[in-house]
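Undergrad: Any chance you could fold what I've pasted below:
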Amino acid sequence: DGPDNGSNTGTDKPHKDSDLSLLSLRMQETLADLQSGSDHGDGTRELLQDMKLVRAQVMADVRQEIENLAEATRDRQAMIHEEMRHLEAQSQMVRDAVEIQLIKFETALDELHQKYFKNAEAERIRMDRYREFLQFLLEEREF
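TA: Predicted structure coming up:
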């Protein structure tokens, strides 16, 4: 079973980090094996020194990658927080606009109620006068 080359799922980086960790571990084991020997030849010392340098470089690269990721994460968090503040401000503006519209609606509704009751009162007075007039006509006819 080989790696899936047909899709790029983002799993290459964890795999790379795992390979780097494995390489570092193997280098440490090899260094320990080489250092445990009592007689080191010049080639072995040079190999040991090269391995230490390579290991140090790999570790520095890994640390730099971690720092880059942490910095990118902080930048992304700041951007997300700014977007949240922007959305909250927009939400507050919408709430304020809706509140203003509700107040206008309540005011208009109150004015309509007042107009309705004023018209109803005028209609009641007109009906009372009409009733009085009809009553007057009925009384006049009886005489």
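Undergrad: Following the chain past the worst-scoring helix or strand of the chain on mean pLDDT, name the next helix or strand.
TA: When the helices and strands of the chain are compared on mean pLDDT, DSSP states H and E, helix 12-36 comes out lowest with a mean of 72. Per DSSP states H and E, the first helix or strand lying C-terminal to helix 12-36 is helix 42-142.
Undergrad: what packs against that following helix?
TA: helix 12-36 (3 or more C-beta pairs under 8 Å, 6 or more residues apart in numbering; DSSP states H and E). The C-beta positions use only the backbone N, C-alpha and C, and glycine is treated the same way.
Undergrad: Tell me how far residue 28 lies from residue 125.
TA: 105 Å (C-beta to C-beta, to the nearest Å).
Undergrad: Residue 85 too?
TA: 60 Å.
Undergrad: Repeat that for residue 118.
TA: 11 Å.
Undergrad: before we move on, what about residue 66?
TA: 87 Å.
Undergrad: before we move on, what about residue 19?
TA: Taken as C-beta to C-beta, the span from residue 19 to residue 125 is 97 Å.
Undergrad: now swap in residue 60 and tell me
TA: In terms of C-beta to C-beta, residue 60 sits 97 Å off from residue 125.
Undergrad: any weak-confidence spans in the protein?
TA: Across the chain, the ranges flagged by pLDDT under 70 are 1-17, 34, 36-41, 143.
Undergrad: Kindly recompute the last result at 90.
TA: Scanning the chain for pLDDT under 90 picks out 1-51, 138-143.
Undergrad: count of residues packed around residue 67?
TA: Neighbouring residues of residue 67 were enumerated by other C-beta atoms under 10 Å; the total is 10.
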